[in-house]
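> Fold the following, please.
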Amino acid sequence: MKALVYTDTCEVTFREEPEPEVPEGEALIAVSAVGICGSDMHAWHGHDPRRVPPLILGHEVAGRALTGLYAGRPVVVNPLVTCGACAYCQGGRSNLCERRELIGMRRAGAMAERLSIPERNLIPLPDGADPRKAALTEPAATGVHALNLAERILYRPLCELSALVLGGGSVGLLTALQLRARGCRSVVLAETNPLRRRAAADLCDLDVWDPAGEPGPADGSVDLVVDAVGGAVTRAAAVRAVKPGGVIAHVGLMDNAPGLDVRRLTLAEVTFFGTYTYTHQDLVSAAEMLLSGALGDLSWAESRPLSGGAAAFRDLDAGATAAAKIVLTP
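Numbers count the residues shown, from 1 in each chain. Take a look at the predicted model:
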């Protein structure tokens, strides 16, 4: 089969790869669409010691089941392969399973024509579902999970609150769209890339802010801040922007550098929490929102052939595309 393989630092190669083995309990999937994630870019730069070349990357995937219970059906894949037996898995928090594996990390990913995955990781979709939209399920589910956790902490309903989302990649953009869909009173999306800012404003009708060159929300003025970047500079910006008694949801994992003013968090009684990926139900909810049109027409996502994946990685690295997400189609 054809696959896009991470072969060296800043290099992915479109080439022939062996067909995946399909152990008992797994299903063979014909990949229809797979998104390039920020973590794939992190690996491409050689910054992830867990992703060792040669490796097929990719975990944001929709396709069609070729074998198993859902054979012939369109599906979206839960890319977190968990044990299914520990207290976290049994308690509905499988994202915290200590034995979890993400496809495209140590296990082969989805930037290929076919993929093997445990059957319990499949979510069936309606016939005729657009796989390019369905491939956005994974980043959308990250937003679902973060907002579900935030709503448990916030003192007032979202319809009475203001929100700031830091980072206009797919997770940040989809989270901003979800905040609006949930009735949030005011949503601002911060993004330094002018192409992405313009796309978010023109195609999604979102209020955008350039944190590198424009005055943004006043210090201490925002009820909920979602940091979809996770860098020292965005952590510092989140702490400045959040109101006393407000909430910061830390989603991104760009670095582990300092940037958190713990004194202000304490004196202003701000809740800061980390949020990691999603549960299976978060993925189900995200797929339903995307395919129902609740988050708009999703025209900001760009589709390219898998064979052009190397150029897509380079364009994302250079900030040369307005797309918050490039989806590859085998």
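
> Pull out the buried positions in stretch 84-101.
Along stretch 84-101, the positions that meet the burial threshold by neighbour count (16 or more other CB atoms under 10 Å) are 86, 88-89, 94-95, 97, 100. No exception for glycine: its C-beta is placed from N, CA and C like everyone else's.

> what's the farthest-apart pair in the residues you listed?
Spatially, the most separated pair among the buried residues of stretch 84-101 is 86 and 95, at 11.9 Å (CB to CB).

> residues near the nearest residue to residue 51 once chain neighbours are set aside, how many?
Leaving aside its sequence neighbours, residue 51 sits nearest to residue 43 (CB to CB, 6 or more residues apart in numbering; 3.8 Å). The local packing count at residue 43 equals 24, with neighbours defined by other CB atoms under 10 Å.

> Torsion angles phi and psi at residue 43?
Phi and psi for residue 43, reported as degrees, to the nearest 10, are phi -60, psi -40.

> List the residues that contact it.
Remark: with contacts taken as CB atoms under 8 Å, 6 or more residues apart in numbering, residue 43 is in contact with 6, 51, 55, 57.

> number of nearby residues for the third one?
Spelled out, it's residue 55. When counting by other CB under 10 Å, one arrives at 21 neighbours for residue 55.

> what are the bridge partners for it, then?
residue 6 (DSSP bridges).

> At the geometric centre of this protein, which residue sits there?
Nearest to the centroid of the C-alpha atoms of the chain, with distances taken as CA atoms, centre = their mean, sits residue 139, at 2.4 Å.

> helix/strand/coil for that residue?
Three-state secondary structure (criterion: DSSP: H, G, I helix; E, B strand; the rest coil) places residue 139 in helix.

> That one - nearest residue in space that isn't next to it in sequence?
Skipping the residues right next to it in sequence, residue 139 comes nearest to residue 170 by CB to CB, 6+ apart, at 4.2 Å.

> And for residue 9?
Closest residue to residue 9 in three dimensions, ignoring its sequence neighbours and counting by CB to CB, 6+ apart: residue 46, at 3.6 Å.

> Can you check my assumption that that neighbour lies in a helix?
No: for residue 46, which was evaluated using three-state DSSP, the result is coil, with no helix membership.

> Let me know whether it touches residue 6 as I believe.
No: between residue 46 and residue 6 there is no contact, the gap being 9.5 Å when judged by CB atoms under 8 Å.

> The two: which has the busier surroundings?
Remark: of residue 46 and residue 6, residue 6 carries more neighbours, 26 against 14, as counted by other CB under 10 Å.

> How much space separates the more buried one from residue 49?
Applying CB to CB, to the nearest Å, the value for residue 6 to residue 49 is 13 Å.

> re the thing from before, reformat the contacts of residue 43 as a markdown table; add pLDDT and distance to residue 205.
Listed next are the contacts of residue 43 as a markdown table, based on pLDDT from 0 to 100; distance: CB to CB, whole Å:
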| residue | pLDDT | distance to residue 205 |
| --- | --- | --- |
| 6 | 98 | 36 |
| 51 | 95 | 37 |
| 55 | 97 | 39 |
| 57 | 98 | 33 |
